[in-house]
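Novice: Quick one, fold the following:
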Amino acid sequence: MTAPAPTAHTLSKNTFVGVPKITGGIFLVPSTIVLPTDAITPRPDGCIRLGGVSDEGYTYMSERQTDTRRDWNGSKIRTLTTSVDDSFEVTFIEFLNPDLLGVLYGQENVTVTPPSAVTGTTITVRHSTEQFEHGAYIIDTFDGKVTRRRVIPDAQLDKMDPIVERSSELSVYKCTFSIYPDSQGYTSYEYTVLDDATGTPAPMSASEKAAQADLAAEANKAAAEQAATDKAVAAEKAAGTK
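Specialist: Presented below is the predicted three-dimensional model:
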């Protein structure tokens, strides 16, 4: 087989612009669930979607600290790794999402009271000085038919930027999560499936179709709730200017 001729041009098929589409995004995985080991297996039941994210997406960071050693002549002879710290940063925009609030403040510190005939749903958040909880996360993104999944076995909320509530901008939670190695010494796993299958893809099973429909319904519900919130805020602003 003849090797392909080398080229100096970028192959667009090797680039990636990741978006969550309807079925992806960032999910908290309960500790009792076995983490997936590929990009296309449906997420296990019980994974909790943490809602919408700003147009900045998420940023994965790996900071490596090193120490350079030199010999008697001052020549560099070794570079030693002294520490490696992985983390990811994301801005959550569903400010009133109870599942997200449970991650940020602890599940036991968030109480949701269903609506009554006279009062809407009530969310009570107790701010604690306890350590943030650890958890596993799945991040699913897509570019056309290319599918990517990052599985993070152990992460902990490390920092939240100041929370702003003002008429000129959306209230958000900008968060940084510290990532810890799992029992095998790995901080995360990336799985990618390219759009180069050589045969006809197998049809989705009934359970896969149902899972996709549930995710789509959840995303549509979240979008409708956000639209209603935006409309109410706009109406309040308009009333305030009269």
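
Novice: Neighbours of the residue nearest to residue 195 when sequence neighbours are not counted, how many?
Specialist: Computed as C-beta to C-beta, 6 or more residues apart in numbering, the closest residue to residue 195 that is not its neighbour in sequence is residue 145, at 3.9 Å. C-beta: built from backbone N, CA, C; applies to glycine. Neighbour count for residue 145, taken as other C-beta atoms under 10 Å: 11.

Novice: Roughly how far does residue 145 sit from residue 155?
Specialist: From residue 145 across to residue 155, the span is 28 Å (C-beta to C-beta, to the nearest Å).

Novice: For the most centrally placed residue in the chain, give me its contacts.
Specialist: Nearest to the geometric centre of the chain sits residue 26, at 3.0 Å (C-alpha atoms, centre = their mean). Counting by C-beta atoms under 8 Å, 6 or more residues apart in numbering, residue 26 makes contact with 20, 49-50, 53, 58, 90, 137-139.

Novice: Could you rerun that using 10 Å?
Specialist: Going by C-beta atoms under 10 Å, 6 or more residues apart in numbering, residue 26 touches 20, 48-53, 57-58, 88, 90, 92, 100, 103, 137-141, 150, 152, 177.

Novice: isn't there a strand covering it?
Specialist: Yes: judged by DSSP: H, G, I helix; E, B strand; the rest coil, residue 26 forms part of a strand.

Novice: confidence score at it?
Specialist: On pLDDT, residue 26 comes in at 97.

Novice: partner residues bridging residue 90?
Specialist: residue 58, residue 175 (DSSP bridges).

Novice: For residue 142, see how far away it is.
Specialist: Shown here: residue 90 relative to residue 142, a distance of 17 Å by C-beta to C-beta.

Novice: where do the helices sit along this structure?
Specialist: Ranges of helices within the chain are 98-105, 206-241, based on DSSP state H.

Novice: By mean pLDDT, show me the worst of those helices.
Specialist: The weakest mean pLDDT among those belongs to helix 206-241, with a mean of 70.

Novice: how far is stretch 72-79 from where the chain is centred?
Specialist: 42 Å (C-alpha atoms, centre = their mean, to the nearest Å).

Novice: Alpha carbons only: can I get that stretch in CSV?
Specialist: Provided in CSV are the C-alpha atoms of stretch 72-79 (Å, rounded to 0.1, in the frame of the first residue of the first chain):
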residue,chain,number,x,y,z
TRP,A,72,29.2,21.7,37.9
ASN,A,73,29.6,23.5,34.6
GLY,A,74,26.1,25.0,34.8
SER,A,75,24.8,22.9,32.0
LYS,A,76,21.2,21.7,32.2
ILE,A,77,21.2,17.9,32.7
ARG,A,78,17.7,17.0,33.9
THR,A,79,14.3,18.5,34.3
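
Novice: Mean pLDDT per helix and strand in the protein: which one sits at the bottom?
Specialist: helix 206-241 (a mean of 70; mean pLDDT, DSSP states H and E).
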